[in-house]
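# Got a predicted model here, sequence first, then my questions.
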Amino acid sequence: MLAELVTLTSLDEGSNQSFKVRAYEKAARSLEADGRNVAELTGTELNKIDGVGKATASKILELVETGRVAKLETLRAEYPPEIVALSRIPGVGPKTLKIMRAELGIENVDQLRAAIADEKLRSLPGLGATSEAKIAKAIDRLGLTGKDRRTPIADALPLAERLVEELAELPEVIDVQFCGSLRRMSETIGDIDITVSSEDPPAVMAHVLAMGAVDDVVVAGATKTSFLTTTGLQIDVRVVAPEQFGAATLYFTGSKAHNIELRQRAIDRNLLLNEYGLIDTSDEDLDPAERPVVASRTEAEIYAALEMEFVPPPMREGTGEVAAAGGDGLPELIEREHIRGDLHYHTARSGDGRSSVEDMVAVAAAQGYEYLAITDHGVDLAINGSTADEMLEHREHIAEVAKGYPDLTLLWGCELNIGGTGGLDYDADFRALFDYTVASVHSHYDQSVVKQTDRLVAAIADPTVHSIGHLTGRYIGRRPGIEIDYDVLIDALLAYDCALEVNGALQRLDAASDVVRKAVDRGVKLVINTDSHHVSELGRMEYGVRTAQRGWAPKDLVVNTWDRDRFLQWVNAPRG
Ligand code: DGT
Ligand code: CA
Ligand code: CA
Ligand code: ZN
């Protein structure tokens, strides 16, 4: 609720820095840090939380008591999903959007495109031909056209996980799985597909219609319900019989290309594959309803019956995985349980870090990690970075905390900032003191491919750099990130034995899976990290692993699957 208020109030006030917007943001953080169940707090208790004002507290009470918030409803009516989508286009801030709406009547992406084509945007106050061209390019790169509007995975996956959890608790539900592009870990999602197995579909459907996420119902059938959330995202829920669950999840996970190849493989074996099962069609005299079902209960049984290895969902894109799984075999793929440490990890030492060293190390140790690199921001990152003296003090602090964890190797690291032309923080001698570094881009997103590639190569070639973090600096669906010549990049990573990060933050998933696959083909080392800034963010490791799977990453190329000795040998090897 608060996140939505932040978005819509920014649009309403024409600024994301207004007093109200910042108050909502601050309240959201305070409530998260507080940790108690917000729905169980009284008004007095809410007011007592530092950072939660009266107005916010009363909205929370209103939501808990009535399930709605009047102010939010008013804002939603005024700023429908199409307008919110417009505001996510780089270059279209809340202020610009307000002017575009008032002066040109632009209410959606198609109308914005038309205005750009007519060169009308450049005549608005504060805009010009350059910003017009920049917005046009951003629209193209983000694929934001008309009904193809897609939702960033960061907005869809947490919601799907919550819905699946809620459905799993129903006594009538035997099994439940989100499928479709979301299960394949696509970066953007058209709609969410949820498959439920139950003997009592009407009971499940009745519950679905009563769920809090439902805004508008599109289809309310006996075994399928489609609805829209308040943000305009469509969710399809289908209920199937328990013995058909595997066939249904396989079908609805797709991709379409993967399914087509599987069906062909079935036909070659006198079998028929559909959403109900894998069926033996060899006896042509049998009535179709009587044909024997070879497999249908689990996906694993179906793959086995097709004489294939199980294909992990992120790989199911019809790009060679069916041939590999049915032939020479898939690579020994990275799995979450192979991960032995996190190597991009912030603490309150960073301006944007929100948990103490003690707390961050405690949750990492609870994951069973063998090693951990604490990589707070270097001095060049305005506001968030630390001076050399602060970093030296931080080293003592980390060493002190390390005494409590004899089985965990704590590395004093740094997230170096790659400057516009490839420069890094501090001087080379100081950088060399760090046990481990990750270097990443946080600014200068609008340079040419050549300049961006050069700056990355300069960082990779630096002897104090172990890895490159969140490669492009993108925020999926919001900021495209830098453009890179990948062949040159990969050559440099190989030449300097530098690892490429797969950042598990859902807004980033950077390097992207297609880049990971290119790197893997050439044998580039990878590292999968959470880039955590708070104790609640360790679950990102799972998303990073799934993104790496989507890029066909084998376990052995991922340096943070290596045992401590092998890992430290790589870290301490001379480079540059
Ligand atoms: P999305 O929602 O656009 O991000 O992408 P998907 O892959 O989730 O596609 P969606 O929601 O239209 O359908 C879910 C899955 O259902 C899809 O991945 C495969 C399966 N499916 C849907 N339509 C067809 C079809 O015409 N043929 C085949 N073979 N499979 C289909
Ligand atoms: Ca879908
Ligand atoms: Ca669908
Ligand atoms: Zn960073």
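Sure thing, it's come through. Ligands and ions are numbered 1, 2, ... in the order given.
# So for the most centrally placed residue in the chain, what's the pLDDT?
Averaging the C-alpha coordinates of the chain gives a centre point, and the residue nearest to it by CA atoms, centre = their mean is residue 506 (1.7 Å). On pLDDT, residue 506 comes in at 98.
# How about residue 217?
Taking residue 217 on its own, its pLDDT is 85.
# give the contact list for it.
Contacts for residue 217 were tallied using CB atoms under 8 Å, 6 or more residues apart in numbering; they are 209, 225, 226, 227, 228. Glycine gets a C-beta too; all of them are placed from N, C-alpha and C.
# Buried subset of these, written for ChimeraX?
Selection of the buried residues among the contacts of residue 217 in ChimeraX, burial being defined by 16 or more other CB atoms under 10 Å:
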select :225,226,227,228
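# Doesn't the residue nearest to the centre of the chain lie inside a helix?
No - the assignment for residue 506, made by DSSP: H, G, I helix; E, B strand; the rest coil, is coil rather than a helix.
# Find the nearest non-adjacent residue to it, please.
In this structure, residue 506 finds its nearest non-sequential neighbour in residue 154, 3.7 Å apart by CB to CB, 6 or more residues apart in numbering.
# again with residue 556
Excluding its sequence neighbours, the residue lying closest to residue 556 (CB to CB, 6+ apart) is residue 332, at 7.1 Å.
# how many neighbours does the residue nearest to residue 490 when sequence neighbours are not counted have?
Of all residues not flanking residue 490 in the chain, residue 522 sits nearest, at 5.1 Å (CB to CB, 6+ apart). Using other CB atoms under 10 Å, residue 522 is surrounded by 12 other residues.
# May I have the residues that are in contact with residue 471?
440, 441, 456, 481, 484, 500, 501, 510, 511, 515.
# before we move on, what about residue 512?
By CB under 8 Å, 6+ apart, the contact set of residue 512 is 187, 472, 474, 547.
# could you redo the last one with a cut-off of 7 Å?
Residue 512 sits next to residue 187 when contact means CB atoms under 7 Å, 6 or more residues apart in numbering.
# ranges for the helices of the stretch 101-250 of the chain?
Here the stretch 101-250 of the chain has its helices, by DSSP state H, counting those that start in this stretch, at 109-117, 129-142, 153-168, 180-183, 201-209, 245-253.
# how about those, which one is nearest ligand 1?
Nearest of the helices of the stretch 101-250 of the chain to ligand 1, taken as CB to the nearest ligand atom: helix 180-183 at 2.7 Å.
# How about residues contacting stretch 545-557?
If you take CB under 7 Å, 6+ apart as the criterion, stretch 545-557 is touched by 185, 312, 314-315, 331-336, 338-339, 502, 509, 513, 516-517, 520, 523, 525-526, 528, 558, 561.
# State the phi and psi torsions of residue 317.
When read as degrees, to the nearest 10, the backbone of residue 317 gives phi -120, psi 10.
# isn't it right next to residue 259, touching?
No - under the criterion of CB atoms under 7 Å, residue 317 is not in contact with residue 259, lying 11.1 Å apart.
# distance between stretch 407-421 and the chain's centre?
Centroid separation for stretch 407-421 versus its chain: 22 Å, with CA atoms, centre = their mean, to the nearest Å.
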